[in-house]
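K.L.:
Next one to model:
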Amino acid sequence: MSDEEVESKDSVMQEEKEIVKEVESGPKPEEVTEPPAKKGDSDGLYAKLFGKSWEMWIGCIILSVLSVCLFLIMSPWGSSGGLLSWGQNMFDIVGVGLSNSAPNGVTALLDNRYGMLSITMLIGAMGAALMAKEFAIRVPPKGEMAKGLFGGVLMGIGAIIGMGCTIGQFYSGWAALSGGALVFVLGLFIGVFIAVKYLLWEMENHPGLSSGKSSTLLAAKTKGGSLQPLAGIIVLAIGAALMFLYDGATEQVLIGFVLIGLMIGFVLQRSRFCIVRTLRETFLTGDSEPTQALIGGIIVGLIGFTIIKYRGLGAPMSMVAGNFWVPAIIGGVIFGLGMTIAGGCTVGSTWRAGEGHVKLWLALVGLVITLPLAAEYIKPAFLDMLPASMQQQIFLPDTFGYGGSVCLILLILLLWNVFVKWNEKTGRLTAI
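P.N.:
Below is the predicted model of the structure:
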């Protein structure tokens, strides 16, 4: 989901028109209109990069390539683990013990590669938004802010139970040939379907729950000059400078995660990458383009991850969680509910927070607080209730071989594409 507003029936053909604020995180930033420039002119390059949002499929492919690079460095792209690190460090500072969440002690944020990856993703997204003159503090009605916080709490619980989020247990998980990742996505679909039905019901029966005063602060002028691009350059430079916190001879992994995280955040914002939109539109408008973009990105990651694992260049069990099958589906349902209500998943909340969406700031607050608490208190009790047969670590090549596993994932992606195209044409499962 580009997490623009839910489209109304009269504007289905117009991308991202709003009908219900509760489905989305906030209004789409106005695109920058740059004057025509001569071919090869620097203004022309700036307009191409920042004049309008990139196609989502471009972002998906670049993000998959960057995830493959992270895997070659150490491990693939993930999101909830970084926010978990933020929360663990926060609770550690105030003296709250986390014996289950961090049995070996809390790793300092500067030494946690995923914690730093999440920080630089946020910085990269903010820098990109400023460069495109799309940054603004967007304060939604109180009901929307409550949804952001509540959605973040649900996502935190779902990510811990399901042992990952839409990145680690979907975008990277499918490419990593994880059996649990396939089940997790089934749970996501169920959660998204329920959440969409609820939001549409709320819009029709209790529209006042999410209506009210909203405001936008510090937005760039639509005409004339703006200091936002200069501020964006400074923000991106600060993000890149974080690599100097590390020893170049011994801490290359952390340096790599810092720099690639910055690039990921930049690409996320420019392409408006959104898994919530991808799953939600199936049940809302039937738009198949986000799904096709995501499928393209997963295929690129699948090729890269398979080569890395098959050739022994990376750990075969990387991004393969012991969540098959009950933790994956229950965690997926809870996470799907939360991300649809909040208007962004863990990574979507991160880059939208970088754009200035207060609702998504609150989603991050909910995530950062809930992730370590759920790992400390909910996960142990939940797993203790399940037999080992319901929480296995399934690596598909162990059963089907690498060739069979890749064919299985490709077949599922093909069937998914056929399904969304059919639904787009017939409207059988769409709400509007």
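K.L.:
use CA for all of it now, contacts and neighbours both
P.N.:
Fine.
K.L.:
so how far is M339 from I194?
P.N.:
12 Å (CA to CA, to the nearest Å).
K.L.:
mind checking pLDDT for the spatially most central residue of the chain?
P.N.:
Centre of the chain computed as the mean C-alpha position; nearest residue by CA atoms, centre = their mean is V347, 2.8 Å away. Here the pLDDT value assigned to V347 is 98.
K.L.:
My guess is it contacts W77. True?
P.N.:
No: counting by CA atoms under 8 Å, V347 does not reach W77; the two are 10.5 Å apart.
K.L.:
who touches both of those two?
P.N.:
Common neighbours of V347 and W77, using CA atoms under 8 Å, 6 or more residues apart in numbering, are I167.
K.L.:
got the phi/psi numbers for F395?
P.N.:
The phi/psi pair for F395 (degrees, to the nearest 10) reads phi -100, psi 110.
K.L.:
if I pick it, what's in contact with it?
P.N.:
Contacts for F395 (CA under 8 Å, 6+ apart) come out as L177, S178, G179, M317, V320.
K.L.:
Mind telling me the two of these farthest from one another?
P.N.:
Greatest spacing in the contacts of F395, by CA to CA: G179 and M317 (11.2 Å).
K.L.:
Between these two, which has more neighbouring residues?
P.N.:
G179 (25 against 14; other CA atoms under 10 Å).
K.L.:
Show the subsequent helix or strand relative to the helix or strand where G173 lies.
P.N.:
Using DSSP states H and E, G173 maps to helix 172-175. The helix or strand immediately downstream of helix 172-175 is helix 179-205, counting by DSSP H and E.
K.L.:
could you say what helices and strands that next one packs with?
P.N.:
helix 172-175, helix 275-284, strand 324-325, helix 326-342 (3 or more CA pairs under 8 Å, 6 or more residues apart in numbering; DSSP states H and E).
K.L.:
of all the ones you listed, which lies closest to W416?
P.N.:
helix 275-284 (10.7 Å).
K.L.:
for that closest one, the distance to its chain's centre please.
P.N.:
13 Å (CA atoms, centre = their mean, to the nearest Å).
K.L.:
Report the rounded mean pLDDT for stretch 65-84.
P.N.:
98.
K.L.:
Name the residues of that stretch that are buried.
P.N.:
Residues of stretch 65-84 classed as buried: 65-84 (neighbour count, 16 or more other CA atoms under 10 Å).
K.L.:
just checking, which of those belong to helices?
P.N.:
Here DSSP state H is the test, and those give 65-73, 80-84 as lying in helices.
K.L.:
of all those residues, which comes closest to P141?
P.N.:
Of all those, the one with the least separation from P141 (CA to CA) is L83, at 25.6 Å.
K.L.:
A helix includes D247, no?
P.N.:
No: read with DSSP: H, G, I helix; E, B strand; the rest coil, D247 is coil and lies in no helix.
K.L.:
Counting residues, name the longest helix you see in the protein.
P.N.:
In terms of residue count, the longest helix belonging to the chain (DSSP H) is helix 397-426.
K.L.:
Which positions within that one qualify as buried?
P.N.:
For helix 397-426, the neighbour count (16+ other CA under 10 Å) marks P397, Y402, S405, V406, I409, L410, L413, N417, V420, K421, N423, E424 as buried.
K.L.:
shaky segments in the protein?
P.N.:
1-42, 432 (pLDDT under 70).
K.L.:
ok, now how distant is I303 from V406?
P.N.:
For I303, the distance to V406 - CA to CA - is 8 Å.
K.L.:
now do S99
P.N.:
Distance, S99 to V406, by CA to CA: 39 Å.
K.L.:
Over to L302?
P.N.:
Counting by CA to CA, the gap from L302 to V406 is 8 Å.
K.L.:
got any residues that touch both of the two?
P.N.:
Common neighbours of L302 and V406 (CA under 8 Å, 6+ apart) are L177.
K.L.:
returning to what we had before: between I194 and M339, which one's more packed in?
P.N.:
Neighbour totals were compared for I194 and M339, and M339 leads with 35 against 16 (other CA under 10 Å).
K.L.:
close enough to count as contact, the more buried one and M155?
P.N.:
Yes: M339 is within contact range of M155, at 6.3 Å (criterion: CA under 8 Å).
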